[in-house]
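Trainee: need a 3D model of the following:
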Amino acid sequence: MTATTYCVSIGAVKTFEYRLYPTKAQGKQLLNCLATSRHLYNEMLESLKAHYEATGKFLWKYGLCAAFKGRGGDTIPATTVQTLADRLDKALRRYLAFKVLGKPCGFPRFKSANRWHSIDLRQYGIGRDVYLEADNKHLHVPGKIGKSIKIKLHRPFQGVAKTAHLVLRADGHWYALIVCEMPEREPAQVTEPKPDIGIDVGLRYFLADSEGNTVPNPTFYRTSQATLRRKQRTLSRRQKGSHHRRKAAKSVAQTHLKISRQRRDFLFKTVKAYAESYEHIFVENLSVNGMVQNHHLAKSIYDASWSDFFNILTYKAESAGHQVVKVPPRYTSQKCSGCGELVPKSLAVRTHVCPHCGLIADRDVNAALNILAFGKSAGAPPSEHNGSVGSRAPRSRRP
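Mentor: Numbers count the residues shown, from 1 in each chain. Purely as a prediction, here's the structure:
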């Protein structure tokens, strides 16, 4: 298997993922640290609940660190114990913040083995918790979890590395996620002007653009549904707590991981051509969370992963010095891109036929043309990336 880098942009932070190749002894140390850290986190949560019942107050990060100082033993690095307290502290604060806002959010819960897959290392740097050794072939980690682990550095990471996470994936391999702080991007040099484009996402086609191009919807989840169904039935027949059940559960998780990787690879490849070739990319300001309330379309919408597509498109366009602009989605599929008249049609009608001007076009291509026209007619796009133009309005019903 070829190692792959996943770059996730959150503000000025970027994460690079690399494959690790621990020895058998190092693998045992990593698994012991993973299991022990999960138990310690659950102990922290139990202590937090008991303290609240006794005093009516919560234990926060520094109180948890003081209470569990030195509890790492021979398996958990001291700074990882601190990250456990920090993780629980953030989960608790998130719960309380959502509670104040009246939004649904569950109280932090005890972690089972299938919900705990990473070891956090707080500080990156020579003499710190984790750093890349001079040969660029080994990752230096605390001695309790292997000291020097072979790493496949298939591409150098960028920016200033701040922290790292060691993650055990469903494929049974360990990966290092190195979180880097990126420098501020210099203004792009003005070159030849590039055209603008409108993009409409859908279910029949993954997307259609205003130039008449369409990208087929790969439906990775539905393609693997038969395999998942077979594996999940095998899992349900296995006795709880048995070795065969754990083996079957791992097989199901591997299939889900494969689907996720297929989808992510497809999204990055699809985004690349648009992000690099167009100055302004106009898309609909969709409320995906609202759309998935339609249970007839929810599975297909999740499978298409529109939200991830928009996020990756925005990130890649910014990297290329371009811009993604969101426009209101109202009537984009009902309005004729030729004459501007409304042509009502149901979801089943996939071809736009205008009785006023005679325009015949694919429904999604017509919508993409409307998106482009609306984006341009709203005036110059805002200076900030990922902006939006116009006012938000109800969206016409269509996939």
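Trainee: spatially nearest residue to the spatially most central residue of the chain (excluding sequence neighbours)?
Mentor: For the chain, D308 is the residue whose C-alpha lies nearest the centre (CA atoms, centre = their mean; 6.4 Å). Nearest residue to D308 in three dimensions, chain neighbours excluded: L267, at 5.9 Å (CB to CB, 6 or more residues apart in numbering). For the C-beta atoms, the positions are set from N, CA and C on the backbone; glycine is no exception.
Trainee: for that neighbour, what are its contacts?
Mentor: S305, D308, F309, I312 (CB atoms under 8 Å, 6 or more residues apart in numbering).
Trainee: ok so, going back, the residue nearest to the centre of the chain in helix, strand or coil?
Mentor: helix (DSSP: H, G, I helix; E, B strand; the rest coil).
Trainee: gap between it and R263?
Mentor: 8 Å (CB to CB, to the nearest Å).
Trainee: ditto for R109
Mentor: As judged by CB to CB, R109 and R263 stand 28 Å apart.
Trainee: and if you look at T223?
Mentor: From T223 across to R263, the span is 11 Å (CB to CB).
Trainee: more neighbours, these two?
Mentor: Taking other CB atoms under 10 Å, T223 and R263 do not tie; R263 has more neighbours (19 against 12).
Trainee: and the helix or strand in which the more buried one is found, what's buried?
Mentor: Assigned by DSSP states H and E, R263 falls within helix 243-277. Across helix 243-277, burial judged by 16 or more other CB atoms under 10 Å covers 245, 248-249, 251-253, 255, 259, 263-264, 266-268, 270-271, 274-275.
Trainee: equivalent analysis for stretch 286-300, please.
Mentor: The neighbour-count check on stretch 286-300 (16+ other CB under 10 Å) flags L286, S300 as buried.
Trainee: chain center to that stretch, what's the gap?
Mentor: 18 Å (CA atoms, centre = their mean, to the nearest Å).
Trainee: got it, and stretch 117-128?
Mentor: For stretch 117-128 - counting by CA atoms, centre = their mean - the centre lies 22 Å from the chain centre.
Trainee: show me the domain layout of the protein.
Mentor: 8-181, 197-216+276-388 (automatic domain parsing).
Trainee: tell me the most buried of the ones you listed?
Mentor: Of the domains of the chain, the one with the most neighbours on average (mean count of other CB atoms under 10 Å) is domain 197-216+276-388, at a mean of 18.
Trainee: list the strands paired with the next helix or strand after the helix holding R263, with their directions.
Mentor: As assigned by DSSP H and E, the chain's next helix or strand after helix 243-277 is strand 280-284. Partner strands for strand 280-284, per DSSP bridges, with pairing direction: strand 197-201 (parallel), strand 323-327 (parallel).
Trainee: with distance to H51 as extra columns, can I get the ones you listed in TSV?
Mentor: Below are the strands paired with strand 280-284 laid out as TSV (distance: least, CB to CB, whole Å):
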stretch	distance to H51
strand 197-201	48
strand 323-327	45
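Trainee: for this protein, where's the lowest mean pLDDT among helices and strands?
Mentor: Using mean pLDDT, DSSP states H and E, strand 8-10 stands out as the lowest-scoring helix or strand of the chain, at a mean of 42.
Trainee: could I have the CA atoms of whichever helix or strand comes after that strand written out in CSV?
Mentor: As assigned by DSSP H and E, the chain's next helix or strand after strand 8-10 is strand 13-21. Taking Å, rounded to 0.1, in the frame of the first residue of the first chain, the C-alpha atoms of strand 13-21 are listed here in CSV:
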residue,chain,number,x,y,z
VAL,A,13,-3.2,24.8,10.4
LYS,A,14,-2.4,21.9,8.2
THR,A,15,-2.1,18.2,9.0
PHE,A,16,0.1,15.8,7.2
GLU,A,17,-0.3,12.0,7.5
TYR,A,18,2.5,9.5,7.1
ARG,A,19,2.6,5.7,7.5
LEU,A,20,4.6,4.3,10.4
TYR,A,21,6.4,0.9,10.4
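Trainee: what's strand 13-21 packed up against?
Mentor: strand 148-152, strand 174-181 (3 or more CB pairs under 8 Å, 6 or more residues apart in numbering; DSSP states H and E).
Trainee: all helices for the protein, in order.
Mentor: In the chain, the helices defined using DSSP state H lie at 24-55, 61-67, 78-101, 220-223, 225-237, 243-277, 288-291, 298-304, 306-319, 363-377.
Trainee: what's the closest of these to G125?
Mentor: G125 sits nearest to helix 78-101 of all the helices of the chain, at 12.2 Å, using CB to CB.
Trainee: how far does the closest one sit from its chain's centre?
Mentor: Worked out by CA atoms, centre = their mean, helix 78-101 lies 20 Å from the chain centre.
Trainee: repeat for stretch 133-140
Mentor: 28 Å.
Trainee: rank the domains of the chain by pLDDT, which is bottom?
Mentor: Looking at these, the lowest mean pLDDT belongs to domain 197-216+276-388 (a mean of 87).
Trainee: rewinding a little: nearest to V349, of the strands paired with strand 280-284?
Mentor: Per CB to CB, nearest to V349 of those: strand 197-201, 15.2 Å.
Trainee: hmm, L372 and G212 touching each other?
Mentor: No. Contact criterion CB atoms under 8 Å: G212 and L372 do not qualify, at 11.8 Å.
Trainee: now do the contacts for the residue nearest to the centre of the chain.
Mentor: When contacts are counted by CB under 8 Å, 6+ apart, D308 touches R263, R264, L267.
Trainee: and the residue lying closest to N114 once chain neighbours are set aside, how close does it get to A113?
Mentor: Nearest-residue entry for N114: A249, 7.1 Å, with adjacent residues in sequence omitted and distances by CB to CB, 6+ apart. Per CB to CB, A249 is found 10 Å from A113.
Trainee: what of H296?
Mentor: Applying CB to CB, the value for H296 to A113 is 35 Å.
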